[in-house]
Every structure is written in structure tokens, then in C-alpha cells.
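Asks: Provided below are the primary sequence and the corresponding predicted coordinates.
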Amino acid sequence: QVQLVESGGGLVQAGGSLRLSCVASGRTFSDYAMGWFRQAPGKEREFVAAISWTGGTLYYADSVKGRFTIFRDNAKNTVYLQMNSLKPEDTAVYYCNADRSIIATTTAPYYWGQGTQVTVSS
């Protein structure tokens, strides 16, 4: 089992920045690709970003490219999502996830966190 705990969400004005963190425990963190999904009210959960266990392979949704950056610190068992130039449409619950396959982290990851709310005001 892998346990994931997100933090860093909050309320921010449009154009602002937030950094989300996700701490993993339970298994060897560096064995897993990590990623982020989000779910806005009334919408389906959607892929945001993913990173391989080495950090050398990255994937982003088109809607966040150039604004969001995913990175990880394997020594701290933590993956981050740096979100810049936030827009009201980025408002959602953000979920951290983990899977041994980076492809799976972009579609249907096995492990999920509980989520952290991000609200962007206009």
C-alpha cells in the first residue's frame, strides 16, 4: 500500500501562484511514477501532470503547459506541483496519485490521495 497526503491548497487571486505537496509513505517512493489529477465542481476528474520515478519524463495536460511544473524529491518522498499564472478555471480539488507505470498515472493510477482544494478568484 502507498499512502498519499496532499497539502498546499488554498484561495488565491487570478494570476497568483500556489505550490502543492504530496508526501508518500508505505512503499519505496522512488519505485513509483507520481502525478496529479483535478476535479472541478460538476466535472469529471482530469489529468494534470505526471512525473517518472527518475524525474526524467514529464507529462502535462495542454491546459496547464507553461504554467504548472511537476517535480519530485525522492529523498523526502514528496512530489510537488508548482502552479503559476493561476486562472479561475483552475479551481478544483487536486489529487495526488501514484502508480508503477507513468502511463497509468496519466489515465488510471492505482493509488490516490484525499485531495486538496484550490480556489482561484477572479
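Replies: Received, thanks. Residues are numbered from 1 along each chain as shown.
Asks: all contacts plus neighbour counts: C-alpha atoms, from now on.
Replies: Will do.
Asks: what number of residues lie near the residue lying closest to residue 102 once chain neighbours are set aside?
Replies: Leaving aside its sequence neighbours, residue 102 sits nearest to residue 33 (C-alpha to C-alpha, 6 or more residues apart in numbering; 5.1 Å). Residue 33 is flanked by 27 other residues according to other C-alpha atoms under 10 Å.
Asks: my guess is residue 33 contacts residue 53, does it?
Replies: Yes - counting by C-alpha atoms under 8 Å, residue 33 does reach residue 53; the two are 4.7 Å apart.
Asks: Let me see the contact set for residue 72.
Replies: Taking C-alpha atoms under 8 Å, 6 or more residues apart in numbering, we find residue 72 in contact with 51, 55, 78, 79, 80.
Asks: Isn't the second one up against residue 71?
Replies: Yes - the pair residue 55 and residue 71 qualifies as a contact (C-alpha under 8 Å) at a distance of 6.8 Å.
Asks: Show me which of these two is the more surrounded one.
Replies: A count of neighbours by other C-alpha under 10 Å puts residue 71 above the other of residue 55 and residue 71, at 20 against 17.
Asks: Closest to the centroid, which residue in the chain?
Replies: residue 36 (2.6 Å; C-alpha atoms, centre = their mean).
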